[in-house]
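Participant: Predicted model and sequence follow; I will ask about them next.
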Amino acid sequence: VQHIKDNPEFIRPEQHRNQILARLSDDRLRDLSISRTSFDWGIPVPEGFDDKHGMYVWFDALSNYLTGVDALGANEPDAGPNVDLAKYWPADVHIIGKDILWFHTVIWPTILMSAGLSLPKTVFAHGFVNDKEGKKMSKSLGNVVDPHDMLDKYPVDIFRWYLCKEAPYGGELSFSEDSLRDMHNADLCDTLGNLVHRGTNLCKKYCGGIIADVPAPPSPPIDFVKVRESYQAKMDNFELEGGAAIAMQAFRDVNGYLTEEAPWLKKGDEFEEERKIVVRATLEAIYALSHLLIPFIPAGATKIFQKLNTFPKSIADISTDLRNLETGAKVEIGDVLFKKIMSDEELSAADVKKKKNEDYAEAQRRKKEKKAAQNAKSKEAGGDQPDFTKVDIRVGKIMKVWHHPEADKLFCEEIDIGEEGGPRQIASGLRANYELSDMQDKMVLVVCNLKASKMVGFESQGMVLAAKSEDGTKVELVTPPEDAAIGERVYIEGLSGDPFSSTQMKKKKVWDKVAKNLKTGEGGVATWDGKEIKTAAGICSAATLVGAPIS
């Protein structure tokens, strides 16, 4: 508590600092267990404390903050501390989500203090991305926005700019695709892209496409010293949206300068130098200000530097008199930086259809490229992917179960496997072995990349794994640990590879090959080819069956 009070910068933003202080004042600190005896894998408690205890993964994982930068100088004892890495501890800032604030501002610092180690200077907690109405995203509400879908639809610069500029300092972001589109059109197209296109075109028209050898204007387009100071203050304070807003406003000011000076109205040879002065001043301002965009739109900023044939430099090294471009350097016009994004309402019905077809064709092209790259990678690795890794087996929870109305041996189930579309419906021939009450809320393993099949009129979209005695009289579900994460893909240590599609699974008869080597081992542990099948929470197993095939 005293450390937090003495160091106002330790927890940011201020509202989170107040929240932690209030909780520490209102509630006493309790002992926290860092080990358990319910498993025999993982990192044992050191120094012979008790060989039955193993450390919780969350506790052991914290050491990565230190060992990753050799903060203790113990990574390679013989070689000594890695000075180049160790200088990064204590960290200047931990960037975390607000839901793990207590962990990183109370538990983690307490561990460091008990070990006599320095604390990070700042822990900055960011908010959540919610839906456009400010509601928390949830699969049950059907309002989840997949960032991968957005990146398939929009260039990464557009997505980055929106996330950084729209989100308030340390607060929540209400994600709206309409707002993303409007911000892109207003900032990246109408302001930045328009200015760069005007400047480079005027350079070609009045300066022969090169940086002219002319003096600076009496009054520059912007006060770069003031802009840079304001920008750095915001960025140093983690206010990304503030830094982005300052940068874009400066570009608007340059646009205003160019419009006011209007070199296209200064006709005649007597105004030749005046026109060139305005054009060079505009390009110099664009070059200097583009450095402020690098954290937000690195690809777009790079294109600007390429158009000006001048490399970027440290922001501190930019000449404040805005004379950074080399006289005679060639200036390229090229393509526009960003194209406007139109809503469906703004496009005619024909345009909508054309755009969707183009989007589909582009998505298919990217899909083929990705598949080709994966195939190439597989060939480089020798094409020897273990069969088990081709199967997508995930942790599921039975949310609803009922008797099949027309098949005496079948259960019908809705199983949550963590998919955005909601639970899958699956049929299981387990009625002779389990009651409905046994199946409800049961944690199970589900084979997810099999072709859907009709089972007495019921479409089954996967398969639940169970072990079966040799004589067929006893069947037991193969279950993950109770605290396993729903949707987690099971694994075998030392084996890796992406799961096949359902079409590949059927065509290459992968499941038939894998099933031959699936069985329970000692203690009912699920194995493939003698190797244990696991989740992050531990091994998967049947209740009692040993040496029983799994299918």
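Facilitator: Now that the structure is in, tell me what you want to look at.
Participant: Please name the residues that touch the residue nearest to residue 134 when sequence neighbours are not counted.
Facilitator: The shortest distance from residue 134 to any non-neighbouring residue, by CB to CB, 6 or more residues apart in numbering, is to residue 174 (4.7 Å). To be clear about C-beta, it is placed using only N, CA and C from the backbone, and glycine gets the same treatment. If you count contacts by CB atoms under 8 Å, 6 or more residues apart in numbering, residue 174 has them with 130-134.
Participant: now the strands for the stretch 301-450 of the chain?
Facilitator: Along the stretch 301-450 of the chain, the segments classed as strands by DSSP state E, counting those that start in this stretch run 393-403, 411-416, 424-428, 443-447.
Participant: how many degrees apart are the longest one and strand 411-416 in direction?
Facilitator: Yep, that's strand 393-403 we're talking about. Counting by axes from the mean of the first three to the mean of the last three CA atoms, to 10 degrees, strand 393-403 lies at 140 degrees to strand 411-416.
Participant: Make a PyMOL selection of whichever of the contacts of residue 174 turn out to be buried.
Facilitator: In PyMOL syntax, the buried subset of the contacts of residue 174 is picked out as below (16 or more other CB atoms under 10 Å):
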select buried, resi 130+131
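Participant: quick one: which of the contacts of residue 174 is nearest to residue 436?
Facilitator: residue 131 (35.7 Å; CB to CB).
Participant: Relative to residue 156, how far out is the closest one?
Facilitator: 22 Å (CB to CB, to the nearest Å).
Participant: got it, and residue 51?
Facilitator: Distance from residue 51 to residue 156, by CB to CB: 50 Å.
Participant: Also residue 22?
Facilitator: 39 Å.
Participant: And for residue 411?
Facilitator: Residue 411 is 45 Å from residue 156, by CB to CB.
Participant: neighbour-wise, which of those two wins?
Facilitator: Each of residue 411 and residue 156 has its neighbours counted (other CB atoms under 10 Å); residue 411 has more, 20 against 12.
Participant: okay, the closest residue in space to residue 67 that isn't next to it in sequence: pLDDT?
Facilitator: Of all residues not flanking residue 67 in the chain, residue 75 sits nearest, at 6.0 Å (CB to CB, 6+ apart). pLDDT for residue 75: 80.
Participant: Ramachandran angles for residue 75?
Facilitator: When read as degrees, to the nearest 10, the backbone of residue 75 gives phi -60, psi -40.
Participant: same deal with the one 5 residues further on?
Facilitator: Here is the backbone geometry of residue 80 (degrees, to the nearest 10): phi 90, psi 180.
Participant: pretty sure it is in contact with residue 72, am I right?
Facilitator: No - in this structure residue 80 lies outside contact range of residue 72 using CB atoms under 8 Å: 11.8 Å.
Participant: Give me the more crowded residue out of these two.
Facilitator: The residue with more neighbours, out of residue 80 and residue 72, is residue 72; 14 against 11, by other CB under 10 Å.
Participant: what about the more buried one, which SS state?
Facilitator: At residue 72 the chain is in coil, as set by DSSP: H, G, I helix; E, B strand; the rest coil.
Participant: And residue 124, by the same measure?
Facilitator: Secondary structure state of residue 124, per three-state DSSP, is strand.
Participant: how about residue 340, what does it touch?
Facilitator: Counted by CB under 8 Å, 6+ apart, residue 340 has contacts 184-185, 189.
Participant: could the strands of the stretch 301-450 of the chain go into TSV alongside mean pLDDT and distance to residue 336?
Facilitator: Below are those laid out as TSV (pLDDT from 0 to 100; distance: least, CB to CB, whole Å):
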stretch	mean pLDDT	distance to residue 336
strand 393-403	94	45
strand 411-416	94	46
strand 424-428	93	45
strand 443-447	95	49
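Participant: JSON lines please, covering the ones you listed and showing distance to residue 61.
Facilitator: Formatted as JSON lines, those follow (distance: least, CB to CB, whole Å):
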{"stretch": "strand 393-403", "distance to residue 61": "20"}
{"stretch": "strand 411-416", "distance to residue 61": "27"}
{"stretch": "strand 424-428", "distance to residue 61": "32"}
{"stretch": "strand 443-447", "distance to residue 61": "24"}
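Participant: And the pLDDT at the closest residue to residue 404 other than its chain neighbours?
Facilitator: Nearest residue to residue 404 in three dimensions, chain neighbours excluded: residue 410, at 3.8 Å (CB to CB, 6+ apart). pLDDT, residue 410: 93.
Participant: Could you report the distance from residue 410 to residue 502?
Facilitator: For residue 410, the distance to residue 502 - CB to CB - is 21 Å.
Participant: chain center to stretch 514-524: distance?
Facilitator: The gap between where stretch 514-524 is centred and where its chain is centred comes out at 36 Å by CA atoms, centre = their mean, to the nearest Å.
Participant: swap in stretch 194-203?
Facilitator: 35 Å.
Participant: now swap in stretch 305-319 and tell me
Facilitator: Using CA atoms, centre = their mean, the offset of stretch 305-319 from its chain centre is 30 Å.
Participant: ditto for stretch 490-499
Facilitator: 22 Å.
Participant: What of stretch 135-155?
Facilitator: 12 Å.
Participant: can you pull the buried residues of that stretch?
Facilitator: By 16+ other CB under 10 Å, the buried positions in stretch 135-155 come out as 137, 150, 154-155.
Participant: From the residues you listed, pick the one nearest residue 250.
Facilitator: residue 155 (22.7 Å).
Participant: list the contacts for the residue nearest to the closest one when sequence neighbours are not counted?
Facilitator: Distances taken as CB to CB, 6+ apart place residue 299 nearest to residue 155, at 7.2 Å, with adjacent residues excluded. Residues counted as contacts of residue 299 (CB under 8 Å, 6+ apart) are 155-157.
Participant: will you turn the residues you listed into CSV that also has secondary structure?
Facilitator: Shown next, in CSV, are the contacts of residue 299 (three-state DSSP):
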residue, secondary structure
155, coil
156, helix
157, helix
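Participant: Need the residues you listed in a markdown table (columns: distance to residue 406 and pLDDT).
Facilitator: Shown next, in a markdown table, are those (distance: CB to CB, whole Å; pLDDT from 0 to 100):
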| residue | distance to residue 406 | pLDDT |
| --- | --- | --- |
| 155 | 52 | 91 |
| 156 | 51 | 93 |
| 157 | 56 | 94 |
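Participant: Can you tell me which of those residues is closest to residue 495?
Facilitator: Closest to residue 495, out of all of those and judged by CB to CB, is residue 156, at 32.2 Å.
Participant: Surely residue 233 is within a strand?
Facilitator: No - counting by three-state DSSP, one finds residue 233 to be helix, located in no strand.
Participant: if I look at it, how far off is residue 157?
Facilitator: Relative to residue 157, and taking CB to CB, residue 233 is found at 24 Å.
Participant: Give me the more crowded residue out of the two.
Facilitator: residue 157 (21 against 13).
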